[in-house]
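S.K.: Provide a 3D model corresponding to the input given below.
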Amino acid sequence: MMTELLEKAISKLKALPTEEQNAIASLILDELEDDQRWEESFASSADMLAKLGAKAIAEYQAGKTEELNPETL
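M.R.: Numbers count the residues shown, from 1 in each chain. From the prediction side, this is the model:
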């Protein structure tokens with residue numbers, strides 16, 4: 001099912017020359033593929049991120065961390 005806004009956009013795209021339609025279609029497809037890659041990357045890294053988070057918390061609780069001073073970055 002397509003939203004009204006998307007239908008309106010597609011309707012306007014149909015009036016454009018073929019070259020412009022193809023350029024916009026490529027941009028949309030690239031964006032969708034990029035979103036899919038990000039989702040796959042985050043899904044496959046969840047365990048690693050959880051382990052890193054647990055390690056950081058353990059180091060903090062053990063007093064092995066120091067407060068960040070933005071002035072010294």
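
S.K.: where are the low-confidence patches of this protein?
M.R.: Scanning the chain for pLDDT under 70 picks out no residues.

S.K.: now the helices for it?
M.R.: For the chain, applying DSSP state H gives helices covering 4-14, 18-61.

S.K.: can you list those in TSV and add distance to Asn69?
M.R.: Bear in mind the C-beta positions are built from the backbone N, C-alpha and C, glycine included. TSV is the format used below for the helices of the chain (distance: least, Cβ to Cβ, whole Å):
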stretch	distance to Asn69
helix 4-14	47
helix 18-61	16
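
S.K.: Export these as a markdown table, with columns for mean neighbour count and distance to Glu67.
M.R.: Shown next, in a markdown table, are the helices of the chain (neighbours: other Cβ atoms under 10 Å; distance: least, Cβ to Cβ, whole Å):
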| stretch | mean neighbour count | distance to Glu67 |
| --- | --- | --- |
| helix 4-14 | 10 | 47 |
| helix 18-61 | 10 | 11 |
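
S.K.: can you give me phi and psi for Glu67?
M.R.: For Glu67, the backbone dihedrals (degrees, to the nearest 10) come out as phi -70, psi 140.

S.K.: re the thing from before, of the helices of the chain, which is nearest Thr72?
M.R.: Nearest of the helices of the chain to Thr72, taken as Cβ to Cβ: helix 18-61 at 19.3 Å.

S.K.: how big is the angle separating the closest one from helix 4-14?
M.R.: In terms of direction (axes from the mean of the first three to the mean of the last three Cα atoms, to 10 degrees), helix 18-61 departs from helix 4-14 by 140 degrees.
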